[in-house]
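S.K.: Output the structure for:
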Amino acid sequence: MTKRRLGTGLLFLADLVTIFLILQTAIFIRKNILPYFLEFPPFPAKNFTFFWWVFPVWVFFYLYEGLYSKRFSFWDEVKTLWKVAFFSTLGVFTILYLGKFGEKVSRTVLVVMGIISFPMIPVIRINAKKLLIQIGLLKSKGLIIGAGKTGELIFKALKREPNFGLNVVGFLDDDPEKIGKRIEGIRIHGGVEQAQKYIGKCGIEDVIIAMPGCEKSKLISLINKLQHKTQNILLIPDLFGITVLGTNLQHFFQEQAIGLEVKNNLAKPLNIFIKKIFDIIVSFLILIALSGPMLIIAFLIRINSRGPAIFSQERIGKNDRPFRCYKFRTMYTDAEERFNAFMGDNPDAQNEWRNHWKLKNDPRITKIGRFLRKTSLDELPQIFNVLKGNMSLVGPRPVTRKEIDEYYKDHAKLCFGVPPGITGLWQVSGRSNTSYDYRIALDSWYVRNWNMWLDIVILLKTVKAVINQEGAV
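M.R.: Numbering: from 1, shown residues only. Just a heads-up that it's a prediction; the model follows:
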């Protein structure tokens, strides 16, 4: 506990230093860079002294968002830090307006500070937190009660999310066949009723209860016994597969009951409108930034093989409406003949095609086409589909009628109740290394859990996946 308090104190100090660095960077930009492009009055030499009150405003929002008391996944922490940056900047300007001393403070500095805080704060804070976790100052010991499939699943999830700072040191289970065995090197101990003893003996701060099949009275008794023996209890209910993003917990105090409020975010016209506006603005910016490279790619395709640079094929869009989906041409014009000849006496290729709807060594693909597919640059023309309204930046993958009839079946209505996307969960979850059934499951999960932040996260992870060529064909 002492280590964790020290780690929290050091993290707070790191945040103060970060705010100071951002402020100094904003002042430097205002004094030494912006005057080359715009007309500005001379910057007072001692103007920095007027910014002392900025620090309490920023610290207030750090505390308000629970950045020293709650655990966050990596992307949830980025989201929260961006909220802090936005509301802190808004709060600073509110104080300027109410205090009526805007003439004494450079508002340009405050605007620049707000802008550069969006990339700087997450990078500095998350890396500082990572270091503190690695040296053990923000790491806590965890005990998982339940060593079945659910317990193992949660253990793997915690390992994939080191930002939680939770170190699982053991499992507890009553099944005699499991006791003494190990899950990825972590020992399974016997006796769920002995949890209090393990908590005191091993210094356990967090308990994860992963026994979805446990009798209700036993589960309630266990939670009540352990609640005041440890810092936190995380209960994993048997509700796998339901919507999780945007699900709220409702309390019924007199009845001592709780309820999960599951929302349909895509049923709200405002959310659909926001997603549409986001798609148009971002697609237009991407088109401006990449118009030069796209023209070069088109030229290379034309000189590499006969045929047009842009290829279009019918795909199924929102509400079962067909549309022409654009891509850079990556195949030879006689692709069908090459494909049939290759598949004719190649059972391994037939199985690969049946499972993934793709081939790693596809004979139809041109030399430049392999590069385009490997980097996913072949999908850039789909920006025009987004601007036309056929597609979204993020969504289920656009598919053919045959794929829907053969694979999606009952999932089709859910998955294609929204426009298909240039990218999606499939692309950032292994892409072509995943099975087709898993791809459908990811598309379904996306539609059920949609929110604007999920789209932003997928876009950011897509950039990483493309740069690293993760799972590309």
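
S.K.: And the helices in the stretch 251-400 of the chain?
M.R.: Per DSSP state H, counting those that start in this stretch, the stretch 251-400 of the chain carries helices over the ranges 269-304, 335-343, 347-356, 367-375, 382-388.

S.K.: Among those helices, show me which one is buried the most.
M.R.: helix 382-388 (a mean of 19; mean count of other C-beta atoms under 10 Å). Every C-beta, even on glycine, is put in place using the N, C-alpha and C of the backbone.

S.K.: Show me what it packs onto, helices and strands only.
M.R.: helix 269-304, strand 322-328, strand 421-423 (3 or more C-beta pairs under 8 Å, 6 or more residues apart in numbering; DSSP states H and E).

S.K.: can you do 10 Å?
M.R.: For helix 382-388, the contact count by 3 or more C-beta pairs under 10 Å, 6 or more residues apart in numbering; DSSP states H and E identifies helix 269-304, strand 310-316, strand 322-328, strand 392-394, strand 421-423 as packing neighbours.

S.K.: if we can go back for a sec, dump the helices of the stretch 251-400 of the chain to a markdown table, plus mean pLDDT and distance to E184.
M.R.: Shown next, in a markdown table, are these (pLDDT from 0 to 100; distance: least, C-beta to C-beta, whole Å):
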| stretch | mean pLDDT | distance to E184 |
| --- | --- | --- |
| helix 269-304 | 92 | 39 |
| helix 335-343 | 70 | 40 |
| helix 347-356 | 67 | 28 |
| helix 367-375 | 85 | 33 |
| helix 382-388 | 95 | 40 |
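
S.K.: got the helices and strands packed on helix 382-388 as JSON lines, with distance to I121 columns?
M.R.: Output for those, formatted as JSON lines (distance: least, C-beta to C-beta, whole Å):
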{"stretch": "helix 269-304", "distance to I121": "22"}
{"stretch": "strand 310-316", "distance to I121": "40"}
{"stretch": "strand 322-328", "distance to I121": "37"}
{"stretch": "strand 392-394", "distance to I121": "24"}
{"stretch": "strand 421-423", "distance to I121": "26"}
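
S.K.: So for G146, which of the helices of the stretch 251-400 of the chain sits nearest?
M.R.: Across the helices of the stretch 251-400 of the chain, G146 has its closest neighbour in helix 347-356 (32.9 Å, C-beta to C-beta).

S.K.: Helices along the stretch 1-150 of the chain, start to end?
M.R.: 2-32, 54-64, 74-99, 107-134, 149-160.

S.K.: how far is the first one from where the chain is centred?
M.R.: Pointing back at helix 2-32 there. Distance of helix 2-32 from its chain centroid, counting by C-alpha atoms, centre = their mean, to the nearest Å, is 25 Å.

S.K.: Residue numbering should commence at 19 henceforth.
M.R.: All set: I'll call the first residue 19, so the last point we hit is now helix 20-50.

S.K.: hmm, back to that, now the helices of the stretch 19-168 of the chain in JSON lines, with mean neighbour count?
M.R.: Converted to JSON lines, the helices of the stretch 19-168 of the chain look like this (neighbours: other C-beta atoms under 10 Å):
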{"stretch": "helix 20-50", "mean neighbour count": "16"}
{"stretch": "helix 72-82", "mean neighbour count": "17"}
{"stretch": "helix 92-117", "mean neighbour count": "17"}
{"stretch": "helix 125-152", "mean neighbour count": "18"}
{"stretch": "helix 167-178", "mean neighbour count": "16"}
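
S.K.: Let me have these in a markdown table, extended by distance to P437.
M.R.: Formatted as a markdown table, those follow (distance: least, C-beta to C-beta, whole Å):
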| stretch | distance to P437 |
| --- | --- |
| helix 20-50 | 38 |
| helix 72-82 | 35 |
| helix 92-117 | 23 |
| helix 125-152 | 28 |
| helix 167-178 | 30 |
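
S.K.: now those as TSV including mean pLDDT and distance to G218?
M.R.: Listed next are these as TSV, based on pLDDT from 0 to 100; distance: least, C-beta to C-beta, whole Å:
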stretch	mean pLDDT	distance to G218
helix 20-50	91	17
helix 72-82	94	31
helix 92-117	91	31
helix 125-152	93	24
helix 167-178	90	21
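
S.K.: re earlier: for R347, find the nearest of the helices of the stretch 269-418 of the chain.
M.R.: Closest approach to R347 among the helices of the stretch 269-418 of the chain is made by helix 287-322 (5.7 Å; C-beta to C-beta).

S.K.: what packs against the closest one?
M.R.: For helix 287-322, the packing partners by 3+ C-beta pairs under 10 Å, 6+ apart come out as strand 328-334, strand 340-346, helix 385-393, helix 400-406, strand 410-412, strand 439-441, helix 470-486.

S.K.: for those, which one sits closest to N185?
M.R.: helix 470-486 (25.4 Å).

S.K.: Identify each buried residue in that closest one, please.
M.R.: L472, D473, I474, V475, I476, L477, K479, T480, A483, V484 (16 or more other C-beta atoms under 10 Å).

S.K.: before we move on, what about stretch 248-257?
M.R.: For stretch 248-257, using 16+ other C-beta under 10 Å, the buried residues are T248, I254.

S.K.: Show the end-to-end separation of it, please.
M.R.: The straight-line separation of the ends of stretch 248-257 (C-alpha to C-alpha, to the nearest Å) is 25 Å.

S.K.: per-domain residue ranges of this protein.
M.R.: Residue ranges for the domains of the chain, per automatic domain parsing: 20-152, 158-258, 287-348+383-486.

S.K.: Which among the helices and strands packed on helix 400-406 is found nearest to S158?
M.R.: strand 410-412 (34.5 Å).

S.K.: between the helices of the stretch 19-168 of the chain, which one is nearest to N289?
M.R.: helix 92-117 (16.7 Å).

S.K.: name the helices or strands packed onto that closest one?
M.R.: Going by 3+ C-beta pairs under 10 Å, 6+ apart, helix 92-117 lies up against helix 20-50, helix 72-82, helix 125-152, helix 470-486.

S.K.: now the ones you listed as TSV including distance to L398?
M.R.: Shown next, in TSV, are the helices and strands packed on helix 92-117 (distance: least, C-beta to C-beta, whole Å):
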stretch	distance to L398
helix 20-50	33
helix 72-82	38
helix 125-152	24
helix 470-486	11
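
S.K.: C220 - how many residues pack around it?
M.R.: 12 (other C-beta atoms under 10 Å).

S.K.: picking that back up, so which of the domains of the chain gets nearest L278?
M.R.: domain 158-258 (7.6 Å).

S.K.: so how far is that closest one off the chain centroid?
M.R.: On the basis of C-alpha atoms, centre = their mean, domain 158-258 sits 26 Å off its chain's mean C-alpha point.

S.K.: Equivalent analysis for stretch 256-271, please.
M.R.: The answer for stretch 256-271 is 19 Å, by C-alpha atoms, centre = their mean.

S.K.: returning to what we had before: so which of the helices and strands packed on helix 400-406 comes closest to M131?
M.R.: So among the helices and strands packed on helix 400-406, helix 287-322 is nearest, using C-beta to C-beta, at 23.4 Å.
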